[in-house]
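Novice: The sequence and its predicted three-dimensional model are supplied below.
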Amino acid sequence: MILTRRLQFAIYFIAACAVSMPAISQNNSRTEEKIDPQACIPAHQFAELPQSIAGSQTDAYGKTTVALGAYERVSPDGRYVLRSYSGSRLGEVSLIELSSSGQVIRAIPTPLKNEAFPVQGSWRYLVDTNGDHYTFESILRSNIAGDRPFSSQSTPRPVFRGGMDGFYAAASELPSSKPGHIRIRSLSWPNAAGDSQTQGEGALMSRTIEVDVQRHRITADTGPVFHCRERIAQDGPLYALPMISVDGTEFAALPQTPVQGKPTMRVFGFGQEGKSCELREAFDFSSGKAIFGFPQSSHAAHLAWEYQGQAHWYSRELKRPFNIAPSELEGRATGQNFELSASAFPGITRDGRVIYGATLKDCTSGTCRDRAGYMISDPYQSNAYRNFMLTYKGPARQQCITHGDVLKVQREANSR
């Protein structure tokens, strides 16, 4: 049993490894006190996205809300959220910058089109849906002033075009045997460039390019590689919701018409040559699009997804899913003080935090207020995980993510 202790910080309340039910932490603008690096981060922290930064949008019912966006991708250190459908103020795709304490600092417009994506692992490049690769730094440098529109002089330019493109693509960085080079492996929904009638029909495809990172030039290209045709007898010919792992060695996809088993998410390995479809996990439960965390020496990458408005996390060590909604919300749509709805699939940082866009009806003050922003959760402090660990008889497991874990990742990112 972990010793219960409460730490009060000026910018937010932290339940530090607490045994009691974790609450949703709130931020304010006061000065941060010194943080014990061994203390647990908040179990759940909501970073509100102010309308003054993100602008507003009108929903289908005529209600004006903060422009939360959709299709969020989270940087490895949790500092940036790349989001599509950003609203009229910021354009199609924008970057939201979060402070180290989880507060929204600014919104950064980009020249990218909806459903653009990062090259996972490093975020060295951001990729438009036509395959144009922009350096991440060029996007930031052109927007030093924050949400100011681009001028003709400041508009970032793509440095090369390649890899998979079209709807629902994703990519990850892999090492290369050539000095000064990397490989970028991208995976796409079948027939991603097709119309609404034909998208998703056909085999999964990937493509791996080798890139000179000094000159930003492609030096090798595998061309399209088709996957899982050898599994038609088990999974059928159609897959949905494809996603590549952060390290580019695995991918997840959902067979739409399986011959054997349920139409649930599968995890496959690319194999040594990057052309395989090696089954590694087969869920026996329903889920949304599965997002990979970072693999560790002791286990494969954990997974996370959004399903029916709540965030879930899957431990590859324990082979179990956990609902990581704040405990007062877990298993039901409405809590006593909050009503939380995850808007899309989450992201997992290098230190293990799960971050996702969400809308929050906050009724703690007696009257309810609708808010939009990002939920930052520690899956190890979720009620579901801690309840499981009360009866767990196996070897010792991680109990929480500490401030030291987060600071280490942030310092490493800043040193690159």
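Specialist: Good, I have the coordinates.
Novice: drop to CA atoms for contacts and neighbour counts, all remaining ones
Specialist: Noted.
Novice: quick one: secondary structure of R231?
Specialist: helix (DSSP: H, G, I helix; E, B strand; the rest coil).
Novice: Convert the strand or helix carrying N414 to PDB, retaining C-alpha atoms only.
Specialist: Under the criterion DSSP states H and E, the helix or strand holding N414 is helix 403-415. Extracted as PDB, the C-alpha positions of helix 403-415 are listed here (Å, rounded to 0.1, in the frame of the first residue of the first chain):
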ATOM      1  CA  HIS A 403       7.700  14.700 -11.900                       C
ATOM      2  CA  GLY A 404      11.200  13.500 -12.400                       C
ATOM      3  CA  ASP A 405      10.100  11.200 -15.300                       C
ATOM      4  CA  VAL A 406       8.400  14.100 -17.000                       C
ATOM      5  CA  LEU A 407      11.300  16.600 -16.400                       C
ATOM      6  CA  LYS A 408      13.800  14.100 -17.900                       C
ATOM      7  CA  VAL A 409      11.800  13.700 -21.100                       C
ATOM      8  CA  GLN A 410      11.300  17.500 -21.400                       C
ATOM      9  CA  ARG A 411      15.100  18.200 -20.800                       C
ATOM     10  CA  GLU A 412      16.000  15.600 -23.400                       C
ATOM     11  CA  ALA A 413      13.700  17.200 -25.900                       C
ATOM     12  CA  ASN A 414      15.000  20.700 -25.200                       C
ATOM     13  CA  SER A 415      18.600  19.500 -25.700                       C
END
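Novice: Now the residue lying farthest from the centre of the chain: which helix or strand?
Specialist: Relative to the centre of the chain, and counting by C-alpha atoms, centre = their mean, the farthest-placed residue is G366 at 33.0 Å. Here G366, judged by DSSP H and E, is contained in no helix and no strand.
Novice: Spell out the secondary structure type for the residue nearest to Q399 when sequence neighbours are not counted.
Specialist: For Q399, the nearest residue in space outside its immediate sequence neighbours is Y380; the separation is 5.7 Å by C-alpha to C-alpha, 6 or more residues apart in numbering. Using three-state DSSP as the criterion, the local structure at Y380 reads helix.
Novice: so what's Y380 up against?
Specialist: Counting by C-alpha atoms under 8 Å, 6 or more residues apart in numbering, Y380 touches R386, Q398, Q399, C400, I401.
Novice: still on that earlier bit, so the residue farthest from the centre of the chain versus P258, what's the distance?
Specialist: Relative to P258, G366 is positioned 49 Å away (C-alpha to C-alpha, to the nearest Å).
Novice: before we move on, what about G121?
Specialist: 31 Å.
Novice: likewise F160?
Specialist: Here F160 is placed at a distance of 38 Å from P258 (C-alpha to C-alpha).
Novice: neighbour-wise, which of these two wins?
Specialist: Just comparing F160 and P258: by other C-alpha atoms under 10 Å the higher neighbour count belongs to P258, 19 against 16.
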